[in-house]
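*Asks:* What follows is a predicted protein model with its sequence.
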Amino acid sequence: MGGSVKDVQSKVELDDLRQSGAPIVLHFWASWCEASKHMDTVFSHLSTDFPHAHFLRVEAEEQPELSETYSVSAVPYFVFFKDGKVVDKLEGADPSGLANKVAKVAGSINPGEPAAPASLGMTAGPTILESVKELAKENGSSQTDNQVQLGPSDALKKRLQQLIDSHPVMLFMKGSPEEPKCGFSRKIVVILKDEKVKFGTFDILSDNEVREELKKFSNWPTFPQLYCKGELLGGCDIAIAMHESGELKEVFRDHGVDATGTEPGTGGISESTGLSATLISRLESLINSSPVMLFMKGKPDEPKCGFSHKVVEILTEEKVDFGSFDILSDDEVRQGLKVYSNWSSFPQLYIKGELIGGSDIVLEMQKSGELKKVLTEKRIIKKENLEDRLKNLITSSSVMLFMKGTPDAPRCGFSSKVVNALKEEGVDFGYFDILTDEEVRQGVKVFSNWPTFPQLYYKGELIGGCDIVLELRNNGELKATLSE
């Protein structure tokens, strides 16, 4: 095999090589990604140190079929094959991890000798080690003779640990408890309030360095992230599952977090709201007077502010029957509800007695499809069959993007490029994160007869994927196509 790296041009070509049964290491990379370029240098040297394996390279954005096949959502990304089967994967710029995984798949550097222990200096040959040390030196990272540090600096690690330890219960979220900037962050805030624990928060949108480095520090790629006494519990899905099973309450109790809210922190619920029992009873009665209840300025047919008008419009589009209360007509309710809900502005939307949020959150939830999901789970609306659901998602916004991740945090280069193209053209668009719903992910491929993502639609019609969108943008035709 000669110790060289070969570029793979198609899935057929890779499948032919897999049939040989020889060890294969496949590197998905992107020319725009600096981490990919650095790891490609490491990859090239490894091909020399392990000449009995095939070292193959795929430019992820040029080979969407291969990227989709192996669920590549970020680069650099490595897939390891042995006897024609996938035996391991590695995501991110981790030279020592790559060297050790290659050694496990391809055997030792010198035939007849066992693979070395898991340290870069012992597993990799001298060429690769020297290359990685140089890479670390260029990046300003410190290293010892046998170890290379490519993660956060010591100072940043210390800052991250201090943030994590700043409160017994600490939530890294988008926005603040009073104004969450994503539905997932909002859900955890609601859960923590329901658990009646006080908690600290950090808005990761306010500090990109913390946002990016915490992902590496915690080895958790998304937000929100919930910690208890310095220990990562997980993200939104895990917090919901733990809350529903009662496990979250047990974790707080086991870690000495007082469920009555006496631990120091910010953002939690105080036992005493300062509201009279009569007012609390009245507010609860109003909130639960309709399965979907909107506290707004004005009435649905005569809103007195644009934000209230927007939420009414969204609920009407979703074909939801809802009750409403004009907070301009009763100042006691207006001021009391702010304290009761710990939410300082209006409108406020409640579903089955649970605060959903204000206009920004409701709009975001509609664009992502989460609002319809919540309404279905709460049995406000009937569950659609898949075809109807896909049609409704596709037409939920004039310009609709099915992507990996969100516009604020795309999970693949293709999605990121389409988002940037739309933003550059000043195009407003809805989106759906296909990583959150496997049924939608697979269903829309069949529905559109288009096998990869992202997919961009205009007025219910498929425009195409990344290549087509970029071509339209480069030809000056994108904005016109999306406004005909």
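*Replies:* Yep, it's here. Numbers count the residues shown, from 1 in each chain.
*Asks:* Going by C-alpha atoms from here, please, whenever you check contacts or count neighbours.
*Replies:* OK.
*Asks:* What does residue 10 show for phi and psi?
*Replies:* phi -160, psi 160 (degrees, to the nearest 10).
*Asks:* Report the contact partners of it.
*Replies:* 63, 66 (C-alpha atoms under 8 Å, 6 or more residues apart in numbering).
*Asks:* ditto for residue 226
*Replies:* 169, 170, 171, 172, 232, 233, 234, 235, 239.
*Asks:* residue contacts, the third one?
*Replies:* If I follow you right, that is residue 171. 199, 200, 201, 202, 224, 225, 226, 227.
*Asks:* Return the distance of it relative to residue 192.
*Replies:* 10 Å (C-alpha to C-alpha, to the nearest Å).
*Asks:* Overlap of the contact sets of those two?
*Replies:* Taking C-alpha under 8 Å, 6+ apart as the criterion, residue 171 and residue 192 both touch residue 199.
*Asks:* quick revisit: Throw the contacts of residue 171 into a markdown table and include pLDDT and distance to residue 277, thanks.
*Replies:* Formatted as a markdown table, those follow (pLDDT from 0 to 100; distance: C-alpha to C-alpha, whole Å):
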| residue | pLDDT | distance to residue 277 |
| --- | --- | --- |
| 199 | 90 | 26 |
| 200 | 90 | 28 |
| 201 | 92 | 30 |
| 202 | 92 | 33 |
| 224 | 90 | 35 |
| 225 | 92 | 35 |
| 226 | 94 | 33 |
| 227 | 92 | 34 |
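*Asks:* Among those, which are located in strands?
*Replies:* 200, 201, 202, 225, 226, 227 (DSSP state E).
*Asks:* how about low-confidence regions in the stretch 1-150 of the chain?
*Replies:* Residues of the stretch 1-150 of the chain that meet the criterion pLDDT under 70 lie in 1-3, 32, 73, 108-150.
*Asks:* Please enumerate the strands of it.
*Replies:* 5-7, 24-29, 54-59, 77-82, 85-91, 143-144, 147-148 (DSSP state E, counting those that start in this stretch).
*Asks:* same check, this time on the stretch 301-450 of the chain
*Replies:* 302-303, 323-326, 348-351, 354-357, 399-403, 430-433.
*Asks:* Deepest in the core, which of the ones you listed is it.
*Replies:* The highest mean neighbour count among the strands of the stretch 301-450 of the chain, using mean count of other C-alpha atoms under 10 Å, belongs to strand 399-403: a mean of 27.
*Asks:* what's that one in contact with?
*Replies:* By C-alpha under 8 Å, 6+ apart, strand 399-403 touches 394, 410, 415, 428-434, 453-459, 482.
*Asks:* where's the residue nearest the centre of the chain, which helix or strand?
*Replies:* The residue lying closest to the centre of the chain (C-alpha atoms, centre = their mean) is residue 222, at 4.4 Å. Per DSSP states H and E: residue 222 is located in neither a helix nor a strand.
*Asks:* For residue 188, list the residues it contacts.
*Replies:* So residue 188 contacts 224, 236, 239, 240 (C-alpha under 8 Å, 6+ apart).
*Asks:* neighbour-wise, which of the residues you listed leads?
*Replies:* residue 224 (26 neighbours; other C-alpha atoms under 10 Å).
*Asks:* That one - nearest residue in space that isn't next to it in sequence?
*Replies:* Counting by C-alpha to C-alpha, 6 or more residues apart in numbering, residue 173 is the residue found nearest to residue 224 once chain neighbours are left out, at 4.5 Å.
*Asks:* what pairs with that neighbour across the strands?
*Replies:* residue 203 (DSSP bridges).
*Asks:* Tell me who's in contact with it.
*Replies:* 180, 185, 201, 202, 203, 204, 223, 224, 225.
*Asks:* what's the distance between the third one and residue 157?
*Replies:* The one in question is residue 201. From residue 201 to residue 157 the distance is 18 Å (C-alpha to C-alpha).
*Asks:* More neighbours: which of those two?
*Replies:* residue 201 (24 against 16).
*Asks:* Might one say that the more buried one is in contact with residue 172?
*Replies:* Yes. Under the contact definition of C-alpha atoms under 8 Å, residue 201 touches residue 172, with a separation of 5.7 Å.
*Asks:* quick revisit: out of the contacts of strand 399-403, which end up buried?
*Replies:* 394, 410, 415, 429-434, 453-459, 482 (16 or more other C-alpha atoms under 10 Å).
*Asks:* Tell me how far residue 162 lies from residue 207.
*Replies:* 15 Å.
*Asks:* thought residue 236 was touching residue 189?
*Replies:* No. The pair formed by residue 236 and residue 189 falls short of the contact definition of C-alpha under 8 Å, at 9.9 Å.
*Asks:* Would you mind listing the buried residues in stretch 358-377?
*Replies:* 358-372, 375.
*Asks:* Helices - which of the residues you listed land there?
*Replies:* 359-368, 370-372, 375 (DSSP state H).
*Asks:* do you know how far the closest residue to residue 311 other than its chain neighbours is from residue 313?
*Replies:* Leaving aside its chain neighbours, residue 311 sits nearest to residue 359 (5.8 Å; criterion: C-alpha to C-alpha, 6+ apart). Per C-alpha to C-alpha, residue 359 is found 11 Å from residue 313.
*Asks:* Residue 418 now?
*Replies:* 28 Å.
*Asks:* Among the two, which residue is more densely surrounded?
*Replies:* Per other C-alpha under 10 Å, whichever of residue 418 and residue 313 has more neighbours is residue 418, with 25 against 14.
*Asks:* if we can go back for a sec, and which of the contacts of residue 173 is nearest residue 60?
*Replies:* residue 223 (24.6 Å; C-alpha to C-alpha).
*Asks:* Isn't the closest one up against residue 181?
*Replies:* No. With contact defined as C-alpha under 8 Å, residue 223 does not count as touching residue 181 (11.2 Å).
*Asks:* which of these two has more neighbours?
*Replies:* residue 223 (21 against 18).
*Asks:* got the phi/psi numbers for that one?
*Replies:* Torsion angles, degrees, to the nearest 10, at residue 223: phi -130, psi 150.
*Asks:* And for the one 10 residues further on?
*Replies:* Note on residue 233: its backbone torsions stand at phi -90, psi -40 [degrees, to the nearest 10].
*Asks:* if I look at it, how far off is residue 241?
*Replies:* Distance from residue 233 to residue 241, by C-alpha to C-alpha: 11 Å.
*Asks:* Give the burial count for residue 7, as a bare number.
*Replies:* Neighbours of residue 7 (other C-alpha under 10 Å): 12.
*Asks:* any idea how far residue 51 is from it?
*Replies:* Residue 7 is 16 Å from residue 51, by C-alpha to C-alpha.
*Asks:* With residue 362 instead?
*Replies:* From residue 362 to residue 51 the distance is 56 Å (C-alpha to C-alpha).
*Asks:* Relative to the whole chain's centre, how far out is the longest helix anywhere in the chain?
*Replies:* In the chain, taking DSSP H as the definition, the longest helix is helix 34-49. Computed by C-alpha atoms, centre = their mean, to the nearest Å, the chain-centroid distance of helix 34-49 equals 28 Å.
*Asks:* and what of stretch 12-24?
*Replies:* Distance, stretch centre to chain centre, for stretch 12-24: 33 Å (C-alpha atoms, centre = their mean).
*Asks:* Please apply the same query to stretch 75-84.
*Replies:* 23 Å.
*Asks:* buried residues in it?
*Replies:* 75, 76, 77, 78, 79, 80, 81, 82, 84.
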